[in-house]
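Q: What follows is a predicted structure for the sequence shown.
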Amino acid sequence: MIKRALITGITGMVGSHLADYLLAQTDWEIFGMSRWRSPLDNIKHLINRIEKKDRLELIYGDLNDYVSLQHVIENSKPDYVFHLAAQSYPKTSFESPLDTLNTNILGTNRILEALRKSSYKDSIIHICASSEVFGRVSKDKLPIHEDITFHPASPYAISKVGTDLIGRFYGEAYGMKCITTRMFTHTGPRRGDVFAESSFAKQIAMIEKSLIEPVIKTGNLDSLRTFADVRDAVDAYYKLVTINPIAGEYYNIGGTFTCTIGEMLDQLLTFTSIKNIKIIKDEARIRPIDADLQVPDTTKFTKHTGWEPKINFKKTMEDLLNYWRDRINSGEIFLTR
């Protein structure tokens, strides 16, 4: 029998790439949960399939509406659930902490409770937390393994601690096959422009078209990040739910290339012929507190699934820049953020 997968957050970067992956690599029926107001930019290449219900359907649902979640579950009848929907921007969470906490903590609780009370409580459920749960980690504790104490450094990170623990609770308390991931920095085409590398890429593309002055505005360039490509991330998520999934288990997942935000910007600048671009620190882009050492130990996940990232950092950054070039060359207009 053909399997059925539900993706919450299908219109986001990761959700859209996961849909692409599952359509290409499996014969599963895919159901994407989407709010009526969700922009469809990231899945516009799939609209024709959605219209024809060619292995892909959208179902209205909102993490803040329990009844809608019941409707989503009853209509998707999932064998697998990828819970990716969230308020996912750390900087925004300082300005909208209550919305962030409600969506990410209570929203996760709502969908798991709806699943528990449905006929599909035996679904294999991926709960997407975040490496941000670890927050401020001292250098002597690098690389970060799964059981390092949480020290969240933003309302977003606090909300993902809640997401993480709720997922593990439903696995341990009710025997539901909930598996939690802490994915470290993952990026690539369709990355939101509120994130540093995507903002930089967009600014470079706009400079190349003479839409803005040759100035790139940055935040903290000293933060250390380990980068993975989003296309490798969704491969990891597929392996997570299909290779001996264990209820209540939790894993760190991430890439192998580590650099500072400043070094990442330097890499992006190697792809442009524009010279003498100025780099200016914008205080509005600085978080009040930052998780500035993000280096994962992914041994546990790699041993369990055999997953390894395949796409190198240079290609990820070049593809991200070309994504923004394509959008800007098509005539789209963007805020310079």
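A: Cool, the structure landed. On a predicted model such as this, the values are computed, not experimentally measured, just so you know.
Q: Verify the stated contact: residue 68 with residue 60.
A: Yes: in this structure, residue 68 is within contact of residue 60 by Cβ atoms under 8 Å, at 6.5 Å. To be clear about C-beta, it is placed using only N, CA and C from the backbone, and glycine gets the same treatment.
Q: who's more crowded, these two?
A: A count of neighbours by other Cβ atoms under 10 Å puts residue 68 above the other of residue 68 and residue 60, at 18 against 14.
Q: how far does the host helix or strand of that one sit from the chain's center?
A: According to DSSP states H and E, residue 68 maps onto helix 66-76. Distance, stretch centre to chain centre, for helix 66-76: 23 Å (Cα atoms, centre = their mean, to the nearest Å).
Q: Just name whatever secondary elements it is in contact with.
A: Applying 3 or more Cβ pairs under 8 Å, 6 or more residues apart in numbering; DSSP states H and E, we find helix 66-76 packed against strand 4-8, strand 29-34, strand 56-60, helix 107-116.
Q: Okay, buried residues for the third one please.
A: In other words, strand 56-60. 56, 58, 59 (16 or more other Cβ atoms under 10 Å).
Q: neighbours of the nearest residue to the last one once chain neighbours are set aside, just the number please.
A: To tie it back to what came earlier, the one meant is residue 59. Counting by Cβ to Cβ, 6 or more residues apart in numbering, residue 59 lies nearest to residue 72, which is 5.0 Å off, once chain neighbours are set aside. By other Cβ under 10 Å, 25 other residues sit near residue 72.
Q: if I look at residue 72, how far off is residue 86?
A: 16 Å (Cβ to Cβ, to the nearest Å).
Q: swap in residue 4?
A: Separation of residue 4 from residue 86 (Cβ to Cβ): 22 Å.
Q: The two: which is more packed in?
A: Legend: neighbour count by other Cβ under 10 Å for residue 4 and residue 86, higher for residue 86 (24 against 17).
Q: and that one, what is it in contact with?
A: Counting by Cβ atoms under 8 Å, 6 or more residues apart in numbering, residue 86 touches 9, 103, 104, 107, 128, 159, 160, 163.
Q: nearest to residue 52, of the residues you listed?
A: Nearest to residue 52 among the contacts of residue 86, counting by Cβ to Cβ, is residue 9 at 22.7 Å.
Q: Contacts only, for the closest one.
A: 15, 33, 83, 84, 85, 86.
Q: 7 Å instead?
A: Residues near residue 9 by Cβ atoms under 7 Å, 6 or more residues apart in numbering: 15, 84, 85, 86.
Q: what does residue 239 give?
A: Taking Cβ under 7 Å, 6+ apart, we find residue 239 in contact with 305, 307.
Q: What's the local residue count around the nearest residue to residue 26 once chain neighbours are set aside?
A: Distances taken as Cβ to Cβ, 6+ apart put residue 3 closest to residue 26, at 7.3 Å, once the chain neighbours are dropped. With neighbours defined by other Cβ under 10 Å, the count for residue 3 comes to 16.
Q: per-residue confidence for residue 3?
A: Note for residue 3: predicted pLDDT of 98.
Q: ditto for residue 289
A: 80.
Q: Does it lie in a helix or a strand, and which?
A: Going by DSSP H and E, residue 289 is not in any helix or strand.
Q: what's the neighbour count on it?
A: Residue 289, neighbours per other Cβ under 10 Å, totals 13.
Q: quick check, residue 246 in a strand?
A: No: assigned with DSSP: H, G, I helix; E, B strand; the rest coil, residue 246 falls outside any strand and is coil.
Q: Distance check, it against residue 17.
A: Distance, residue 246 to residue 17, by Cβ to Cβ: 25 Å.
Q: higher neighbour count, the two?
A: The neighbour comparison of residue 246 against residue 17 (other Cβ under 10 Å) goes to residue 17, with 23 against 12.
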